[in-house]
Every structure is written in C-alpha cells, then in structure tokens.
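Enquirer: Show me the folded form of this:
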Amino acid sequence: MVDSSKAHAVLLSSPGLGHLTPVLELGKRLRTLNFKVTIFVVSSRTSAAESQVIESFTSLNLCEVIVLPPPDISHIIDPDATVVTRIAVLMRETRPAFSSAISALSSPPTVLIVDLFGTDNLEIADEFKIPKFVYIATHAWFVALTLYLPVLHESVKGEYGDEKNGLFIPGCMPLQPEDVIDPISCRSDQQYLESLNIGIKIPMADGILVNTWEELQPATLAALRDHKLWSGISKVPMIFPVGPIVTPTSPTDSNKTELFEWLEKQPIESVLYISFGSGGVLSNEQMIELAYGLELSQHRFIWVVRPPAEKKSRDGSFFTVGNSINANEGLASNLPEGFLDRTKNVGLIVSDWAPQVEILRHQSVGGFLSHCGWNSILESIANGVALIAWPLYAEQKMNGALLAEELRIAVRPKTLPWKGIVGREEIKMMVETLMAGEEGHAMRGRVKELKSSGESAWNHNGSSAKALAQFMC
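Expert: The predicted structure is shown next:
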C-alpha cells in the first residue's frame with residue numbers, strides 16, 4: 001500500500017514509556033526497509049526514563065525524532081482523571097501543533113501512522129492526502145474488542161462487568177466479567193467515552209498494524225479478516241500483524257554490573273524476575289505480602305521495588321518512571337522488618353527501574369512475575385520465559401487472561417490483584433508452581449515454542465516480514 005522507494009513515514013506516539021518504546025521500534029523496522037522516518041513524540045515532560053529513551057534512540061541517527069510539548073489540559077480534565085483520559089485528551093489537543101509540525105517538514109510525508117491514542121489525528125492525513133494507519137502495540141484480541149466496542153455500547157445496557165456470560169466478541173473467546181479492561185469498566189467515567197471514541201475512529205484508517213504475529217493468534221486474526229462476522233461495524237481495516245516488535249538488548253550500564261554479577265552466580269532458570277512495568281505500583285499491604293510470599297518460597301528472585309501506592313492508584317508511576325534519585329533511600333521501610341537480611345543470599349532488590357530485556361535474556365532467569373503489559377509479555381516470550389500474571393490496570397486483565405487461558409504460559413492468582421490482597425501463601429504456591437512444578441515445566445516448554453515462532457515470523461519468508469512487505473506495496 002506504500003511505495004518504500006520514496007516513502008516518508010510520519011509516526012505519532014503518545015506519552016508514556018509503554019507507548020513510546022514500540023513506536024520507536026516500529027520506526028527502526030521501517031527505516032531498515034528504506035523508509036525515511038520521522039517520529040513525533042508527545043512528551044509527558046515528567047518521566048526521566050522516557051527522556052533517556054528518546055535521547056538514546058536519537059543518538060542512533062536512524063530516524064528523526066521531534067518532541068512535541070504537551071498542551072495544557074488542566075482546564076479541560078478533572079485533576080483526578082485516569083491515565084487513559086489524560087492521554088486521550090492530551091493527544092486530541094495536540095492536533096494543531098502536530099499538523100503545523102508536519103507542514104514544516106523538509107520533505108512531505110507519504111504515510112501517517114498513529115498509535116492507539118492518536119486516532120483523533122487520523123484526519124490530519126486527509127489534509128495531506130496520504131494513507132493513514134493505526135499502530136496498536138498490543139494483541140489481536142484487544143483490537144477486536146476495541147473495534148466491537150461501539151456495537152457493545154448499543155447492545156449491552158448495563159455495566160460490562162455484570163454480564164455473567166462474558167462479552168461476545170466476533171470470532172474470539174468471550175471476555176469474562178473479571179477480565180473487563182479498566183477503561184470500559186464504568187460507563188459513566190470519561191475514560192469509557194474516550195475508549196468508545198477510539199473504537200469509532202479506528203475504522204477511518206486504511207489499515208491496522210498490530211504487534212502480534214500470525215502463529216501466536218491465528219484464530220483471532222482470521223476472525224478480524226472475516227468481514228461477515230462484523231455486522232454493525234462501518235469497516236474493519238486491513239490487518240497487518242507485524243510482531244513481535246520488542247526492544248533489543250543493549251550493553252548493560254556500569255551501575256548495573258552488581259546485578260549481572262549476581263545473576264552469573266545463579267543456576268540456570270532458577271531466578272524469578274518481578275517487575276510491575278513502567279507505571280505499576282502496589283499498596284503497602286500488598287508489598288509486604290509479596291515479600292513474605294517470596295521469602296516462604298525460598299526461590300531466588302530479582303524484585304524491582306517502588307514506593308507503595310498512594311490511595312488506590314495502581315498506575316502511580318506511569319508518568320514518573322525513572323525519577324528516583326537515590327536508588328535505595330527508604331527501601332527497607334516499605335518491606336517487612338529484616339526481610340533484606342533474611343533474603344540476602346537468595347534475592348536481589350532493585351529500586352524503581354531495571355534493564356528488563358537484559359535480565360529476561362539471562363540464562364539464570366526462569367520466570368517473570370509481571371503486571372502483564374504487552375511490551376513486557378512480548379519481551380518475556382522473546383526470551384522463552386514463562387510468567388505469573390499479576391494485572392494491575394488498563395488492558396492488563398485481558399492480557400493476563402490471554403496468557404493463562406489461550407496461550408497457557410502463565411499462572412494466575414485466584415485472588416484478583418486489582419480487587420483484593422494476594423496473600424503470602426498463594427504467592428508462595430504460584431512461585432513454586434512456576435519455578436518447580438510440572439505445570440510450570442510445561443509452560444516453559446510452550447513459551448519456548450512461541451519464542452521460536454516469533455523469531456520465524458521475522459525471517460525472510462516469515463509471516464510478519466510478509467505482512468510488513470504487504471503494507472509497503
């Protein structure tokens with residue numbers, strides 16, 4: 001659909017490390033296929049890690065990166081608005097600046113690609129008379145739900161979480177009540193209306209690039225291509241599964257040497273890595289239970305720890321990840337008394353942020369307790385590491401269900417982490433199941449098969465390579 005010999009792709013990324021990283025990596029893919037690539041980033045201006053990633057990427061000189069200052073939306077949204085609402089409004093209010101910035105480019109764009117929250121900017125492509133695409137940096141089941149949301153909005157009268165039989169999505173397994181994603185869990189919340197707006201706008205696109213691959217979700221992708229299933233939808237754009245697009249490994253920082261020296265001393269696949277992504281935080285009570293559960297399991301671990309959540313926020317570090325100045329200041333006060341001393345021979349605590357891709361790649365790592373962000377899931381699969389699914393916010397509950405029920409590469413707690421406290425005994429049991437049980441052994445076998453299929457998808461004749469080539473034609 002796009003002639004790469006003269007193509008200039010303009011990409012638009014919303015703020016947040018989890019949104020920015022896959023857009024940058026897609027830009028690199030397009031650049032290696034002879035595209036000229038300009039990436040516009042709406043910065044949060046509050047995350048040190050986000051700024052570091054932009055700076056590091058810019059130094060590669062593969063793509064032009066232009067940071068758009070975030071517009072002031074304080075007069076438009078409530079101070080307690082959700083992350084989804086804040087990002088959606090921010091991206092909508094960016095339209096005039098984005099259009100002007102495109103006009104100022106030295107060479108005109110030939111294709112526009114926006115991320116999920118940038119769909120209000122699709123109309124800018126019409127101003128320049130160029131094709132327009134949406135890059136959804138998650139899985140096909142989420143794409144199907146988003147496209148079908150306008151139909152559900154009309155057909156379901158109450159809250160989606162009250163539907164005892166789950167939500168019907170064409171060609172997909174039903175979305176169970178406990179897995180209904182946060183942005184659509186309350187129809188009176190503005191984030192629901194923003195999600196509905198995204199579902200309405202996506203059919204305007206000429207195609208959807210999805211960060212999955214044919215072999216990972218064949219049935220769901222087939223359903224998205226079967227237009228007979230989608231009555232009530234104005235149009236299902238062409239689907240291009242171009243995953244897995246993940247962050248490549250890079251040389252470790254000198255200040256992280258101690259971590260890898262410790263890993264080198266551990267047996268193969270003996271370490272559980274624990275991280276709740278760029279935004280996730282736990283309550284103080286949950287942190288204490290997790291600490292005791294790890295201690296009771298007696299399994300080796302690396303735990304990325306952040307200060308506990310204020311109020312009931314589970315995404316409290318979304319816009320501030322990487323801002324910790326003193327890595328270990330006050331760390332012990334958030335953990336059980338004596339925990340660090342009792343576990344010093346089996347565990348390692350890291351404050352705020354860790355080089356996740358490099359850790360997951362290490363042969364000593366055998367499991368990942370994850371918040372189930374899609375970037376983290378793909379990084380885990382790409383390194384053949386099975387998971388404990390611990391969703392916190394956004395679409396992560398849906399991701400956890402996909403991991404456990406369809407892909408069968410994750411253990412899930414019976415206690416829902418977003419509703420209650422997962423106790424130490426249940427945590428101990430999950431760790432033992434994943435790291436030492438027969439079920440965990442089977443999961444590791446399956447995830448290694450998925451790792452192989454993901455690598456094959458990007459071979460010369462692989463499914464994702466073909467999909468991107470089809471997008472280029």
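Enquirer: quick one: average confidence on stretch 225-245?
Expert: If you average the pLDDT over stretch 225-245, you get 95.
Enquirer: and that stretch, C-alpha only, in CSV?
Expert: Output of stretch 225-245 as CSV, limited to C-alpha atoms (Å, rounded to 0.1, in the frame of the first residue of the first chain):
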residue,chain,number,x,y,z
ARG,A,225,-10.3,-10.6,8.4
ASP,A,226,-13.8,-12.3,8.1
HIS,A,227,-15.9,-9.3,7.3
LYS,A,228,-19.1,-11.4,7.6
LEU,A,229,-18.6,-11.5,11.4
TRP,A,230,-18.6,-7.8,11.9
SER,A,231,-22.1,-6.6,11.3
GLY,A,232,-22.7,-3.2,12.9
ILE,A,233,-19.1,-2.0,12.1
SER,A,234,-18.7,0.5,9.3
LYS,A,235,-15.4,-1.0,8.2
VAL,A,236,-12.8,-3.4,9.6
PRO,A,237,-9.5,-2.0,8.1
MET,A,238,-6.9,-4.3,6.7
ILE,A,239,-4.9,-6.1,9.5
PHE,A,240,-1.1,-6.3,9.3
PRO,A,241,0.3,-8.5,12.2
VAL,A,242,3.9,-7.2,12.3
GLY,A,243,5.1,-8.5,15.7
PRO,A,244,6.9,-9.3,17.8
ILE,A,245,8.3,-5.8,17.8
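Enquirer: name the helices or strands packed onto the helix or strand of the chain with the lowest mean pLDDT?
Expert: The weakest-scoring helix or strand in the chain, judged by mean pLDDT, DSSP states H and E, is helix 48-58 (a mean of 82). Where contact means 3 or more C-beta pairs under 8 Å, 6 or more residues apart in numbering; DSSP states H and E, helix 48-58 is packed against helix 17-32, strand 64-68. All C-beta spots, glycine's among them, are computed from the backbone N, C-alpha and C.
Enquirer: From the chain's centroid, how far away is it?
Expert: Distance of helix 48-58 from the chain centroid (C-alpha atoms, centre = their mean, to the nearest Å) equals 18 Å.
Enquirer: follow-up on the earlier one: closest one to Gly440 among the helices and strands packed on helix 48-58?
Expert: helix 17-32 (26.7 Å; C-beta to C-beta).
Enquirer: what about the nearest residue to Glu159 once chain neighbours are set aside, distance to Ser234?
Expert: The shortest distance from Glu159 to any non-neighbouring residue, by C-beta to C-beta, 6 or more residues apart in numbering, is to Arg187 (6.3 Å). Per C-beta to C-beta, to the nearest Å, Arg187 is found 22 Å from Ser234.
Enquirer: Those two - which one has more neighbours?
Expert: For Arg187 versus Ser234, neighbours defined as other C-beta atoms under 10 Å are more numerous around Arg187 (14 against 10).
Enquirer: wait, doesn't the more buried one sit right on Val156?
Expert: No: using C-beta atoms under 8 Å, Arg187 is not in contact with Val156, being 9.1 Å away.
Enquirer: Now list whatever residues contact both of these two.
Expert: Contact criterion C-beta atoms under 8 Å, 6 or more residues apart in numbering; no residue bridges Arg187 and Val156 by contacting each.
Enquirer: helix or strand right after the lengthiest helix in the chain?
Expert: Longest helix in the chain by number of residues, with DSSP state H as the criterion: helix 438-457. Counting by DSSP states H and E, the element after helix 438-457 in chain order, helix or strand, is helix 463-472.
Enquirer: May I see the buried residues of that next one?
Expert: Within helix 463-472, the residues that count as buried by 16 or more other C-beta atoms under 10 Å are 463-468, 471-472.
Enquirer: Show the residue spans covered by the strands in the stretch 101-250 of the chain.
Expert: 111-115, 132-136, 207-210, 238-241 (DSSP state E, counting those that start in this stretch).
Enquirer: got CSV for those, with distance to Gly166 and mean neighbour count too?
Expert: Below are the strands of the stretch 101-250 of the chain laid out as CSV (distance: least, C-beta to C-beta, whole Å; neighbours: other C-beta atoms under 10 Å):
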stretch, distance to Gly166, mean neighbour count
strand 111-115, 28, 27
strand 132-136, 22, 24
strand 207-210, 22, 24
strand 238-241, 23, 22
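Enquirer: Would you mind giving the ones you listed as TSV with distance to Ala410 added?
Expert: Putting the strands of the stretch 101-250 of the chain into TSV (distance: least, C-beta to C-beta, whole Å) gives the following:
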stretch	distance to Ala410
strand 111-115	26
strand 132-136	21
strand 207-210	21
strand 238-241	21
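Enquirer: still on that earlier bit, what's the average pLDDT for the longest helix of the chain?
Expert: 98.
Enquirer: relative orientation of it and helix 463-472 in degrees?
Expert: Helix 438-457 and helix 463-472 are oriented at 40 degrees to each other (axes from the mean of the first three to the mean of the last three C-alpha atoms, to 10 degrees).
Enquirer: So which elements touch helix 438-457?
Expert: helix 374-382, strand 410-411, helix 424-436, helix 463-472.
Enquirer: ok, back up a step: of all the helices and strands packed on helix 48-58, which lies closest to Leu402?
Expert: Across the helices and strands packed on helix 48-58, closest to Leu402 is helix 17-32 (C-beta to C-beta), at 16.8 Å.
Enquirer: Flag every buried residue along the closest one.
Expert: Buried residues in helix 17-32 (16+ other C-beta under 10 Å): 17-31.
Enquirer: got it, and stretch 403-419?
Expert: Buried, per 16+ other C-beta under 10 Å, within stretch 403-419: 403-404, 406-407, 409-413, 417.
Enquirer: rewinding a little: which one, of the strands of the stretch 101-250 of the chain, ends up nearest to Ile421?
Expert: strand 132-136 (32.8 Å).
Enquirer: before we move on, back to that, out of the buried residues of stretch 403-419, who's nearest Ser333?
Expert: Pro417 (22.8 Å).
Enquirer: distance of the closest one from Pro391?
Expert: 6 Å.
Enquirer: now Pro336
Expert: 24 Å.
Enquirer: So between these two, which is more surrounded?
Expert: Pro391 (28 against 16).
Enquirer: Noted, bye for now.
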